[in-house]
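[1] Below are the sequence and a predicted model for it; my questions follow.
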Amino acid sequence: MIQTDVLVLGGLSGITAGISCRRHYPDKKVVLVRKEGTVLIPCGIPYIYGTVGGPQYNVIPDGLLESNDIELVKSEAVNVDREKKIVKLIDGETISYDKLVFATGSLPAVPPIPGVDKKNVYPIRKDFDYLGDVFEEMKCVEDIVIIGGGFIGVEFADECRKGREVNITVVEALPHCLQMALDDEFCAEAQETLSETGINILVGSKVDAILGNDTVTSVRLSDGTVLKADMVILGIGAVPNTELAEKSGLELGLNKAIKVDRHMQSYTDSDVFACGDCAEKQSFFNGRPINVMLASIATAEARIAGANLYSPVHHNNGAISVFSTVVNGRAFAVAGLTERLTKEYGMNIVIGRHQSPDTHPGGMPDSTVTKVKLIFAKETGVVMGGAISGGRSVGEMINVVSACIMHKMTANDIVQFQMGTHPALTSSPIAYPIVNAACKAVLPIRE
Ligand SMILES: Cc1cc2nc3c(=O)[nH]c(=O)nc-3n(C[C@H](O)[C@H](O)[C@H](O)COP(=O)(O)OP(=O)(O)OC[C@H]3O[C@@H](n4cnc5c(N)ncnc54)[C@H](O)[C@@H]3O)c2cc1C
């Protein structure tokens, strides 16, 4: 039997929880068990098929564990005896623990479409060998249908076309791609940008059957249209991977995610913590359970969980939901609530918008127009959300917006920002888009 103080089950958020524990409790022994031999950078998965050119170029190095003195056991945990505090692995080995962290992540959602189990129909599993097989198979296909136009489907579509002669169709049931994440004007811009690549986008369409004998040959839409397909990629979301947690008697919440408190401690057992996609999320805005799975949330929760194992240090204020994506070279990002969500919540809002080039003058090389939309609560002036499209700078600009949301800053606060600017690196200090969007909201908030 292996003995440890802290046992972590998982990958991305597991590593982060382990490192956080090491920083806070340098004397504790930490063991991490994970199923895969090699762990992928999950957000980089679509880029395996285009930009980076293979799964081997998209891995989280195990050196990170070694340098933090975390022992790695490559195996699968199959049983947890919480009374005896012993975890059993698939090969029969056992590990005793003092504190246990579930970071078992999520699994791809597989819709009950007839034919979904045919060969060459691929849910996106975060598995190195499996995705390597998809990479090899993709070399021989001509017609790829991607079911789901969320960010995973859109990123796959954009990447799979790179360096290949393939016909790609994205089938999305909602009126726009990316509609779960972005407001309509940004969805429309992203969709138009994607369609410029020649990718066929069918919105308001549903696949009702995947056809072929053993292997897929086509898909049928609910309006009867048949699309040729020798590969189908499913990008329709994920579900928490909590079978083991359930078997261990841990209380589950929304979508069977592990119920945790603000310290990431499970409701059921004070020595068991959970973080990442397997843990239930509360909205930053109203505290209600929400179904959102992002690396930004998973790693923040993992830092909190690792720090709190022996004594509460950090408090989880809830999921803000900040993420960014790139479509045909243009970046789209969002933090907090969209206009659509504020309307669903019945909020009175004021919107401030501004656009400007991300260099000054705008004639600098690689200058890109950045569009910012900020959403404020009318009564308080507090920023509730923001969305940005533009060039590479969008990735960090949206993180600024996320920080503003987290600290409940008002339009008036943001107006007073002193943004560092440089001609080649940022928008002009006169036209800085986040500040100017806030400036434009100040009067309507006061009215
Ligand atoms: C294609 C794709 C692109 C994405 N892009 C983005 C993005 O750009 N930005 C963003 O914020 N988020 C993105 N996400 C979401 C993000 O990847 C997840 O939120 C993140 O991976 C969650 O991390 P996690 O550690 O909780 O779970 P996971 O990454 O799912 O890791 C769970 C780990 O636990 C292991 N495990 C499970 N059960 C056991 C067991 N019984 N024993 C041992 N090990 C076990 C698994 O094998 C796995 O290694 C993307 C997701 C996908 C699929």
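    Done, it's in.
[2] Residue 286: what's it in contact with?
    For residue 286, the contacting residues are residue 345, by Cβ atoms under 8 Å, 6 or more residues apart in numbering. In short, each C-beta sits where N, CA and C put it, glycine included.
[3] hmm, I was thinking of residue 399
    By Cβ under 8 Å, 6+ apart, the residues touching residue 399 are 322, 335.
[4] Surely it is in a strand?
    No. Going by DSSP: H, G, I helix; E, B strand; the rest coil, the assignment for residue 399 is helix, not a strand.
[5] can you pull the pLDDT of it?
    If you check residue 399, the pLDDT there is 98.
[6] contacting residues for residue 410?
    Residue 410 is in contact with 376, 380-383, counting by Cβ under 8 Å, 6+ apart.
[7] Present those as CSV; the columns should include secondary structure, pLDDT and neighbour count.
    CSV is the format used below for the contacts of residue 410 (DSSP: H, G, I helix; E, B strand; the rest coil; pLDDT from 0 to 100; neighbours: other Cβ atoms under 10 Å):
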residue, secondary structure, pLDDT, neighbour count
376, strand, 98, 30
380, coil, 97, 12
381, coil, 98, 20
382, strand, 98, 17
383, strand, 98, 30
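[8] now those residues in JSON lines, with distance to the ligand?
    As requested, the contacts of residue 410 are arranged in JSON lines below (distance: Cβ to the nearest ligand atom, whole Å):
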{"residue": "376", "distance to the ligand": "25"}
{"residue": "380", "distance to the ligand": "28"}
{"residue": "381", "distance to the ligand": "28"}
{"residue": "382", "distance to the ligand": "24"}
{"residue": "383", "distance to the ligand": "20"}
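[9] which residues in the stretch 251-400 of the chain form strands?
    Under the criterion DSSP state E, counting those that start in this stretch, the stretch 251-400 of the chain contains strands at 272-274, 281-282, 289-290, 322-327, 330-336, 349-357, 369-377, 383-390.
[10] Please disregard the earlier target; I meant the stretch 101-250 of the chain.
    According to DSSP E, counting those that start in this stretch, the strands that the stretch 101-250 of the chain contains are 106-108, 121-123, 143-147, 167-172, 200-203, 207-211, 218-221, 226-228, 231-234, 238-240.
[11] so can I have CSV of these showing distance to residue 65, mean pLDDT and mean neighbour count?
    Putting the strands of the stretch 101-250 of the chain into CSV (distance: least, Cβ to Cβ, whole Å; pLDDT from 0 to 100; neighbours: other Cβ atoms under 10 Å) gives the following:
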stretch, distance to residue 65, mean pLDDT, mean neighbour count
strand 106-108, 22, 97, 18
strand 121-123, 28, 98, 21
strand 143-147, 34, 98, 25
strand 167-172, 37, 98, 23
strand 200-203, 41, 97, 17
strand 207-211, 40, 97, 19
strand 218-221, 42, 98, 20
strand 226-228, 44, 97, 15
strand 231-234, 31, 98, 25
strand 238-240, 24, 97, 22
